[in-house]
Structures are given as C-alpha cells and as structure tokens.
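1. test case, fold it:
(one chain, ligands or ions: 1)
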Amino acid sequence: MRTTNWMVTAALLVSLSAAAQQAANSPSPAPASAPDASRGSQSSQQTAAPASQPADAQSAPVAQPLPATAPTTMEEVVNLFIQHEHDLIKMLAKRTPIVETYLQNLALDPQLGPVPSEDHYFLGRMDMGETIDRKDYLKEQDKSMEQRLMGGFQKLYKVQYQPLGFSWMIYADRTDFDRNHYDFRYVRREFLGDVRCLVFDVTPKKDAGRGRFLGRLWVEDQSYNIVRLNGTYNPAPRNSYFFHMDSWRLNLIPGYWVPSFIYSEEGDFSAGAKNKMAFKAQTRIWGYDLKRGNKDDELTQIRVDSVTDETPANQDASPLQAERVWQQQAEDNVVERLVGGGLLAPEGDVDRILQTVVNNLEVTNNIDLPRPVRTRVLLTSPLETFSVGNTIVISRGLVDVLPDEASLAAVLAHELAHIVLGHNLGSKYAFNDRMLFSDDTTYQNLGFRHIPEEEEAADKKAIELLKNSPYVQKLDNVGLFLKALQARAPALSALLTTHLGNPLSSNGTVTRLAALSTQGPALDNAKLDQIAALPLGGRVKVNPWDDKAEMVKTAAVAITSARDKMPFEVTPFFPRLSRYGASAAPAAAPTTAAATPNPGTPGSN
Ligand SMILES: [Zn+2]
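-> Have a look, this model is predicted:
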C-alpha cells in the first residue's frame, strides 16, 4: 500500500514543480494562473448533481429557465440576456454564499513595480435576497464592511455601495437592468475559454440615476446569459467612489452562470499621477449549495449524530480505545461542521496529493499511527494549517503560494509532528453541544492553537521528519520560501492572520520552521529562475457551487522580469470558461433535461 503511494511521488513532484513554474510565470494583465473553476465543476457535477438535491431553501431544486427560441436580431439577444439576468437574481435570492475579499494596498517599488504595502481581509456570508446583507465571520463587528474595505482611505473617499450593497459587483444592476435605463451596443464576437460570446458595451441612459453600470458585458451565444462584466458604476455620488471591477461567472449548474470571481484594481503609478488609492483585490464567492446554509435554520439543521463505534463486536472498548474513539468523534464533528459552514472543501482531488506527501513523510520515518492521517483543504486565503485528531487542514491560500512539493511537505510536517507527538487538540468537540453555533461565529467557537512549547516541539520534530525524508534534498527551497515570506510579512499581516490555527509569524517575523529559514541561497529578485513563492490563486480552484477543490492545470508562461514573480500577490482572474457538462459525461440527474440549454459541444455553433 505504502509502496504504491511512494511510487506516485515522482510523478507528483514533477507535476507540482511544473505547476509552480507555470503559476509563478503569469504575466500581470492576464495570468494563466487564475483559478479555473469552470473546469473544476465538470467532474464533480456528475456525482453531485446539486440541481437535484432535495431539502431546504439553500439546496432546493433550481428552477430551470424556459428554453430560448433562437433570437434573430441583436435586439432579441438583448431582451434575452436582460430576462436571464432577472431569472438569475431570482434563482439566487434564497442563497447565502460565502464571500471572501482579500485586498492588497499597493506602493511602488522601483524594481518590482507596485507591491503590497498592507492588506485587508473580509469573510462573510452574503444574503442574496431582497436586502443584500453580509454576516461577518471575523471579529471586528463594530466596523462596517465599507470602513474596513477602505482601510486607511476612508477619510478620502467613502465607499458607495448603495443602492446595490455588495452585490453591485455581482449583478450589472440589481433593480433596473432594462432598456429604460441602459443603452446596449453590440461590439463583436469573442471566445472566453471554450465559450463563444457576444460582447456588448453598456451605457446608462442620461437620466438613469446614480450608480448605474458602465462597461462591457460578455454574453454566451447559446442561451444568452451574461458570463462576464467589466467596468464600473456611474455617476458616483458626491464624495463617493465606485471601484472598477471584472466579474466572472461560471456555468456550474444547468441553465445558469453563477457569480464566482471578482477582481478589482485601482491606482495609477504613471509619472505625475496622484497615487492616493492604489490597491488590487480578489473577491471569491462559494458555498452556494451548502446543505445547511439557510440563514433561518442554522441551529435546527445541524446534524448531531455521532460516529459509529469502531471496537470489534462483543467487546467493550479498552480505556485507550475509548480515548481514540472519542478523539475520532471530535475530529469528525469538527470536519463536518467546517464543511457545513462552507469553510472546508469536501474530500477530493487535492487531498489525495496532500495525503501522498504526508504518506511519504510517514513511510520514510517509520511512523505507524493507529488511525490514518487525513488531509483537508480550508477554502480561505490566509496562510494557515492546523490539525484536529488525525486530520491535517491546510488553507487554499497556503497551498497556492508554496513553490514546490518540499515546501508543502514542510508545512504538513509541522502538523504531522503535532499528531506524532500526541499534541491532540480539540477533543472537547466530541461534545455535540459545542457544534451548535451559527456559521458566522465559527471562528469564535472553534480554535486549534497550541501553546508555544508544543509549537516549538512540533517544529523540531518536523525538521527531523523532513531530514529523514526524500525532501531533505530540497530543503533549500523551503528556506527560500521562508525568506520570501519574511520579506513580505510586514506588509501582509491580514494574509498571515490565522483564524483557527497557530500563525506562521509573530509581529511581522516568521516563526514557523524558523530553523530552516537560514537554509538555501539568499533571496534574489533579479534571478528570474529563483521562484521562492507563488501568487495567490495559482494552484487550487474551488467550485463555487459545491465547494469541491481541485488542482489548477495551467500552461507554462515564461517569467520575463522580476515583476512577473508576484509572490503572495493577488492577480486578475482569468478562468477558462466552459459550458456545464462540456467534455464530461452527461450529469447524473438534471431533472429538466429538456430545458437544459447545454448541447455539450463547446463552441459548436
Ligand atoms: Zn503548530
């Protein structure tokens, strides 16, 4: 068993380092490293078939839009996508997806160009009903989203979200998207990924009022749904300001393109420009189909059934067995709760890669644990790991920025060390009452932070594990990664603020595996072949509908300057769009197949 897995590693190593190269190589305007969640949906949809899930409002069957009669004029196309936009708003009205915004303020570096000078992080549930509302997962409840989004800038501008709330970046116009308020001008046809689109410029009519969409729409040419919006809102009220945004949708369920990624950027670093407000931000939306995500029934929907007793039949558990079952119960409770709250990906492809790396560490160190070590992906961006029972959790953001398999092994080794050393946290979560809390208080109700002595012991043990493993040859890369992290740490306090596990740094100094940080060559931005850390978003893509995570497949793009490296930075999104079910077997159970607008051959007409 273990031998088999061990053999997998060579291929894994190659694919990981190739991905590292490619992701790091993304050029700034259109990185190939952007998540490609549309692809991610295909394999998962076959089994998940969310549209056919029964139960509460959040997972209620999705009503299919009526099949479109083929339009013969552009006027008819405009009418169709206006109608479909209203259908989408209606379909999503009962959903409360997770919205994460990670924003980096920028300052100009002569060598590296605009680099992060500070950062801000927001995570909440968005109620997509009549009144757009966010429930924040993070603690500073007293500060409004707007204040915190603006960071130090609120004195200069007040962010104007009215009348659309946060959804202004999700829909072109929530209330008045029609011909009375807008002029639509057909521009051309254009492919976005596998999807042929009609491109329209949209301008608000003269007296349409403030905060109207101004920009460009891409409309797919089979059912005429908007798949991308790029522009801003206009005119801004006095003393206010609208961000520019590039908003992408994915065809994750039959008949609908679901808002998934939004990139925003402001700032002008040309000579003489007043650089008052420079930032770039990624907003990700996921958790549309959380099984117990309805805002009204958070407590009633919680499953409190426990794990089955693993002891053999006709035999009572020994005290040690009882202790292990207890820990397993706590572990399962936490994993289930985090998946239910939309913070943890269901078991999937990425876990298999992570598990192979953990397995390599175990095999070469002769570690034989009574229960197998499992791995799971936290869906959020901040760089963190933690473990509960024998489950190691690593954040999507951290997997994204790690340059190679050895660095991945290093961060996993720290958690494996906790497990090997018996630093078991979280057994209190075997009491089911401790799982009864609303999703937005997850961070207040769950925590897996070790005391400093255990952190130190885990780091020491982790290095021992690494030195016995095949990764010993590559520890220079780990050292380089830690140096890159240190170089950016003072500017990235939000990315380094953990919410469930121990932080990797303390007061701007990287503490995790510090003994390895002197290893390897000096950090040298000018060396184009030295990839110490990757931009965010280059590795893991998440399906916003069912939260499944998988590894990104990107094509190599050559790095041509130090500015292309962008370690730990956010970049624009450029998902490769494809239609639901394209290049995959027909989905398991779309209930209204007749209305499914997807014939399956991308770009066939
Ligand atoms: Zn630790």
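2. write out the residues of this structure neighbouring the ion.
-> 450, 455, 458, 502 (Cβ under 5 Å from the ion). From N, CA and C alone the C-beta is placed, and that goes for glycine too.
3. correct me, but residue 290 touches residue 340?
-> Yes - counting by Cβ atoms under 8 Å, residue 340 is a contact partner of residue 290 at 6.7 Å.
4. who has more neighbours, the two?
-> residue 290 (24 against 21; other Cβ atoms under 10 Å).
5. and that one, how far is that from the ion?
-> 29 Å (Cβ to the ion, to the nearest Å).
6. tell me which element that residue falls in.
-> Using DSSP states H and E, residue 290 sits within no helix or strand.
7. excluding its backbone neighbours, what's nearest it?
-> Take residue 290 and drop its neighbours on the chain: the residue closest to it by Cβ to Cβ, 6 or more residues apart in numbering is residue 342, 5.0 Å away.
8. please name the residues that touch the one you found.
-> 97, 98, 125, 286, 287, 290, 293, 379, 439, 547 (Cβ atoms under 8 Å, 6 or more residues apart in numbering).
9. just the pLDDT for the fifth one.
-> pLDDT recorded at residue 287 is 94.
10. same thing with the first one?
-> According to the prediction, residue 97 has pLDDT 88.
11. thought it was touching residue 125?
-> Yes - judged on Cβ under 8 Å, residue 97 makes contact with residue 125 at a distance of 7.2 Å.
12. what is the neighbour count of residue 207?
-> Count around residue 207 with other Cβ under 10 Å applied: 7.
13. how close does it sit to the ion?
-> 60 Å.
14. same question for residue 188.
-> In terms of Cβ to the ion, residue 188 sits 54 Å off from the ion.
15. residue contacts, that residue?
-> Taking Cβ under 8 Å, 6+ apart as the test, what residue 188 contacts is residue 199.
16. now do residue 430
-> Taking Cβ under 8 Å, 6+ apart, one finds 326, 327, 329, 330, 333 in contact with residue 430.
17. quick check, nearest of the residues you listed to residue 102?
-> residue 333 (28.8 Å; Cβ to Cβ).
18. how about that closest one, secondary structure?
-> Put simply, residue 333 is helix when judged by DSSP: H, G, I helix; E, B strand; the rest coil.
19. one more: residue 457?
-> Going by three-state DSSP: residue 457 is helix.
20. hmm, it is touching residue 421, no?
-> Yes - if you go by Cβ under 8 Å, residue 457 and residue 421 touch, sitting 6.0 Å apart.
21. who does the host helix or strand of residue 362 touch, helix- and strand-wise?
-> Using DSSP H and E, residue 362 sits in helix 349-364. Applying 3 or more Cβ pairs under 8 Å, 6 or more residues apart in numbering; DSSP states H and E, one finds that helix 349-364 contacts helix 2-24, strand 374-378, strand 391-395, helix 405-420, strand 549-551.
22. quick check: mean pLDDT of the longest one?
-> Going back to what we said before, that points to helix 2-24. On average, helix 2-24 scores 37.
23. over to the shortest one?
-> Strand 549-551 carries an average pLDDT of 91.
24. before we move on, back to that, which SS class is the residue nearest to residue 290?
-> Three-state assignment for residue 342 (three-state DSSP): coil.
25. next secondary structure after the one helix or strand residue 90 maps to?
-> Using DSSP H and E, residue 90 falls within helix 74-92. Toward the C-terminus, helix 74-92 is succeeded by strand 98-109 as the next helix or strand (DSSP H and E).
26. so, low pLDDT: which residues of the stretch 1-150 of the chain?
-> 1-61, 65-68, 130-150 (pLDDT under 70).
27. let's see 90
-> Where the stretch 1-150 of the chain drops to pLDDT under 90, the residues are 1-72, 93-103, 105, 108-114, 119-150.
28. what residues are bridge-paired with the residue in the stretch 51-200 of the chain that the ion sits nearest to?
-> Nearest residue of the stretch 51-200 of the chain to the ion: residue 121, at 21.0 Å (Cβ to the ion). Beta-bridge pairing for residue 121 (DSSP bridges): residue 102.
29. repeat that for residue 213.
-> Where residue 213 sits in a bridge, its partners, by DSSP bridges, are residue 233.
30. in this structure it contacts residue 201, no?
-> No - contact criterion Cβ under 8 Å: residue 213 and residue 201 do not qualify, at 10.8 Å.
31. so where do the helices sit in the stretch 201-350 of the chain?
-> Under the criterion DSSP state H, counting those that start in this stretch, helices of the stretch 201-350 of the chain are mapped to 319-340, 349-364.
32. wait, which of those helices is closest to residue 416?
-> It is, among the helices of the stretch 201-350 of the chain and with distance given as Cβ to Cβ, helix 349-364, at 5.8 Å.
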